[in-house]
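Undergrad: Compute the structure for the input listed below.
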Amino acid sequence: MKRCLLFILFATITTITQAQLEEDFDPAPSGWILSQGASFNAVNGNAVVNTPGVGGNNPANIGTPAVNKTSNTVKVCFDIWAYDANLNNKQPFPCNTYADILFVNAAVTSSSQAVDPANIYARQDNYLLPTNGGTSCFTFTFPAVVTASNFKVFISFHADCKQPGVKYVIDNVSISGVTLTCFDTNCPPVALNDVFNRGNGLETTFDGALYGSNLTYPAGYIVDATGTDNDQNDAYADLQWSLLTPPVNGTVTINSNGTFTVTRNSTTVTSLTFTYRLMDNGPDNNIATTADNMFDDATVTINWPPAGPLPVTLVNFNGNRKGTNVTLTWTTNMEMQNTGFEIQRSTGNGVYEKVGFVATRALNGNSDVPLHYTFTEGNMAKANSWYRLVQIDKDGTRKVTPVRGIRGLEEISKLTVYPNPGTTGNMNVLFGSSAARDIMIIDLNGKILKQWNNYHEDSMPISGLHTGVYMLIVNNKATSERLTQKIVVL
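TA: Prediction:
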């Protein structure tokens with residue numbers, strides 16, 4: 001479920017406070033430390049962190065921003081599932097998979113610092129994750145000798161086997177004290193803002209969960225009926241949901257179990273927003289006596305793609321060289337009246353030539369489920385090549401995708417950024433190999449704007465850069481070679 005980063009402060013007349021972190025990774029938040037290939041991504045439109053599957057001595061891990069310790073007892077929760085390498089299908093963990101929880105010095109900025117014993121306040125190791133994934137929670141009491149007032153939490157994963165072709169999807173990370181003090185011993189509930197990005201432009205109705213996991217939507221969702229929705233002294237059954245502000249151009253029903261059903265008036269409506277209220281039953285434990293009830297409000301937004309102009313929705317398009325062969329892969333999650341894809345190649349002169357055609361895999365050219373495509377050709381070009389797809393409708397309408405660069409046989413050791421200069425802040429970096437690298441993008445004042453640790457892929461997309469001049473710094477971890485490249489966004 002999509003969460004916004006919340007540091008929620010409850011103050012009493014005696015200035016007793018509670019610190020809490022809730023994160024759903026939408027939008028990609030600052031302050032998080034991702035390493036061993038971990039990155040922000042999306043599954044079915046739901047913002048998540050994903051990491052490669054692990055094994056042996058290569059633990060993937062993520063680190064939180066610093067949080068204040070208001071109690072010696074804290075609770076850490078997160079959702080985790082195993083997926084295939086393309087993040088299309090959920091699957092069981094291939095073998096016993098474990099999480100270690102490290103409570104570390106708030107000054108730690110990398111995974112290597114986090115595993116340094118000198119920086120570790122406490123840790124809880126070898127928690128066996130559910131085979132089919134789900135929510136895991138850890139309640140931990142700091143030893144009396146730990147006097148630090150703040151800390152960071154690193155969640156590190158390891159397994160009994162190597163797990164190639166597996167990725168972990170992590171969502172809904174939360175850290176809170178489990179013993180809280182609130183006015184009249186009653187804590188307010190916490191409603192959480194949600195965003196759902198739907199993939200089917202023809203869909204008019206869908207169901208989701210206000211509290212729980214929506215990682216498998218549109219196929220389904222998980223309602224956490226045993227949870228408290230961040231209300232420390234009320235059970236889930238003691239909470240009441242209500243619609244506060246209905247959406248324009250649609251309707252929504254909030255159900256008693258924490259789910260909702262939303263309907264838009266037509267496919268021309270591409271966004272709906274509604275506000276709901278979460279209310280508890282107050283110190284007297286009676287929802288009918290409203291004077292002492294406490295509540296919190298939150299906003300839910302649902303976005304759909306346009307139904308008409310996008311007969312084919314392309315969710316990814318990638319390319320890789322292996323020797324003298326180039327392989328292109330792409331995925332669609334919706335197709336309407338599609339005949340197939342023409343593959344075009346350019347050698348850098350701006351002229352594209354047709355090098356192949358892949359027919360649609362959709363029955364009669366129509367599909368509302370993900371379809372995967374592959375095209376391989378021999379490519380002996382010494383310089384970089386540029387590939388694009390031309391999607392062709394049954395009526396002959398053609399739609400051209402953004403290009404993907406492939407290194408030439410003589411360009412493999414070079415660092416390439418394209419387009420550079422760029423106009424949108426969205427660029428691609430070609431490294432030429434899958435060696436482990438630490439990568440940073442800094443501005444002209446030396447401020448780190450983006451950072452990737454232990455990145456293994458041979459190419460990397462960059463997005464979200466504003467107009468300006470930046471420096472891309474790439475350190476090869478095996479050779480200590482350092483490469484820099486100026487990036488210009490017009």
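
Undergrad: Going by C-alpha atoms from here, please, whenever you check contacts or count neighbours.
TA: Fine.

Undergrad: Neighbours of the closest residue to Pro370 other than its chain neighbours, how many?
TA: Excluding its sequence neighbours, the residue lying closest to Pro370 (C-alpha to C-alpha, 6 or more residues apart in numbering) is Asn333, at 4.0 Å. Asn333 is flanked by 18 other residues according to other C-alpha atoms under 10 Å.

Undergrad: separation between Asn384 and Phe375?
TA: Per C-alpha to C-alpha, to the nearest Å, Asn384 is found 18 Å from Phe375.

Undergrad: more neighbours, those two?
TA: Asn384 (17 against 14).

Undergrad: quick one: the more buried one and Arg404 touch, right?
TA: No: taking contacts as C-alpha atoms under 8 Å, Asn384 lies outside contact range of Arg404: 10.4 Å.

Undergrad: Following the record's annotation, map out the domains of this protein.
TA: Domain segmentation of the chain under the TED database yields 20-180, 194-303, 309-410, 411-489.

Undergrad: Reformat these as JSON lines; add mean pLDDT.
TA: Formatted as JSON lines, the domains of the chain follow (pLDDT from 0 to 100):
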{"stretch": "domain 20-180", "mean pLDDT": "82"}
{"stretch": "domain 194-303", "mean pLDDT": "77"}
{"stretch": "domain 309-410", "mean pLDDT": "85"}
{"stretch": "domain 411-489", "mean pLDDT": "80"}
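
Undergrad: Helix or strand: which one has Asn286?
TA: Following DSSP states H and E, one finds Asn286 outside all helices and strands.

Undergrad: Quick one: distance of stretch 108-115 to the chain centre.
TA: What separates the centre of stretch 108-115 from the centre of its chain is 22 Å, taken as C-alpha atoms, centre = their mean, to the nearest Å.

Undergrad: Determine how far the last residue of it lies from the first.
TA: Stretch 108-115 has its terminal residues 10 Å apart, counting by C-alpha to C-alpha.

Undergrad: What helix or strand is the residue nearest to Pro370 located in?
TA: In this structure, Asn333 sits in strand 325-335 according to DSSP H and E.

Undergrad: Could you export that strand as PDB, CA atoms only?
TA: Presented in PDB, the C-alpha positions along strand 325-335 are these (Å, rounded to 0.1, in the frame of the first residue of the first chain):
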ATOM      1  CA  ASN A 325      24.600 -10.400 -30.500                       C
ATOM      2  CA  VAL A 326      22.200  -7.700 -29.300                       C
ATOM      3  CA  THR A 327      19.100  -8.800 -27.500                       C
ATOM      4  CA  LEU A 328      16.100  -6.400 -27.000                       C
ATOM      5  CA  THR A 329      13.300  -7.200 -24.500                       C
ATOM      6  CA  TRP A 330      10.100  -5.300 -23.800                       C
ATOM      7  CA  THR A 331       6.800  -5.800 -22.000                       C
ATOM      8  CA  THR A 332       3.300  -4.500 -22.600                       C
ATOM      9  CA  ASN A 333       0.500  -4.500 -20.000                       C
ATOM     10  CA  MET A 334      -2.300  -3.600 -22.400                       C
ATOM     11  CA  GLU A 335      -2.800  -4.000 -26.200                       C
END
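
Undergrad: what does the next helix or strand after it rub up against?
TA: Where DSSP H and E defines the elements, the next helix or strand beyond strand 325-335 is strand 338-346. Residues from elsewhere that reach strand 338-346 (C-alpha atoms under 8 Å, 6 or more residues apart in numbering): 311-312, 352-360, 362, 364-366, 385-394.

Undergrad: Among these, name the buried ones.
TA: Buried subset of these (neighbour count, 16 or more other C-alpha atoms under 10 Å): 311-312, 360, 362, 365-366, 385-393.

Undergrad: Which pair in those residues has the greatest spatial separation?
TA: The span of these, defined through C-alpha to C-alpha, is set by Asn366 and Ser385 at 31.7 Å.

Undergrad: Grab the nearest non-local neighbour of the residue lying farthest from the centre of the chain.
TA: Computed with C-alpha atoms, centre = their mean, the maximum C-alpha offset from the centroid of the chain is found at Thr289, amounting to 41.1 Å. Nearest non-adjacent residue to Thr289, counting by C-alpha to C-alpha, 6+ apart: Asn281, 7.8 Å away.
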